[in-house]
Structures are given as structure tokens and as C-alpha cells.
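# below are the sequence and a predicted model for it; my questions follow.
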Amino acid sequence: IAGMNQFMKDLAANYPDLVTMETIGESYIKKNGNNNDGRSPGYDIYALNITAANSTRQSSEKGKLLITSGIHAREYTPTELV
């Protein structure tokens, strides 16, 4: 998870006119402290907004795409492949 989070932060830093990153919530474990295995402190949940910052088109005029990944703990397809 740390590697994926860093990759998203790097995208936002390297392409500030195209990519913004924001925290949209916390994992259940981070929010409630209910960690049975003692390995994970929980994490922030991030979203990337990818659009041209200098675009003259309004958001309602642009197409929309939502990609969700890494939703379940033991998925065979890692987030990096999405």
C-alpha cells in the first residue's frame, strides 16, 4: 500500500496541472482501531482527479470515469494491474 500511495503522490507532484490527490476517508481499521492481526494501523483512502486544470470546459461537459480497485483484502488482482 505504501508503494501505491507514493506512486499517486508522485503523479500529483510531477503533473500538478493534470492530477490532484485528495483524502476521501479512512479505512475501517484506522477509523475504529479494530485491528485483530496487529499488522496494519489502517490507512487513509485517496482519490485522484485527472483533468486539465486550465480547461475551459465545465465539469458537466466532461466525460466521467470511476475506477475502484483494492477493495477486498485478499484479491488476486493487485491494484497496480488496474
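Perfect, thanks for sending it. Because the structure is predicted, anything quoted here is derived from the model rather than measured.

# can you map out the helices along this structure?
Using DSSP state H, the helices found in the chain span residues 2-14, 28-32.

# do you know which of those lies nearest Asn54?
Taking Cβ to Cβ as the measure, the helices of the chain were each checked against Asn54, and helix 2-14 came out nearest at 16.2 Å. Backbone N, C-alpha and C define where each C-beta goes, glycine included.

# of all the residues in the closest one, which ones are buried?
Buried residues in helix 2-14, defined by neighbour count with 16 or more other Cβ atoms under 10 Å: 11-12.

# and the contacts of it?
When contacts are defined by Cβ atoms under 8 Å, 6 or more residues apart in numbering, helix 2-14 is touched by residues 19-21, 43-44, 46, 48, 70, 79-80.

# which two of those have the greatest separation?
Largest separation among the contacts of helix 2-14 by Cβ to Cβ: Thr20 and Glu80, giving 20.8 Å.

# shaky segments in the protein?
In the prediction, the chain carries residues with pLDDT under 70 at positions 35-38, 72-82.

# for it, list the residue farthest from the centre, please.
Of all residues in the chain, the one whose C-alpha sits farthest from the chain's mean C-alpha position, using Cα atoms, centre = their mean, is Thr56 at 25.6 Å.

# picking up where we left off before, quick one, which of Thr20 and Glu80 is more surrounded?
Looking at Thr20 and Glu80 with other Cβ atoms under 10 Å, you find the greater number of neighbours at Thr20, namely 15 against 10.

# partners of that one in the sheet?
With DSSP bridges applied, the residues forming beta bridges to Thr20 are Asn49.

# contacting residues around it?
Taking Cβ under 8 Å, 6+ apart as the definition of contact, the neighbours of Thr20 are 12, 48-49, 53.
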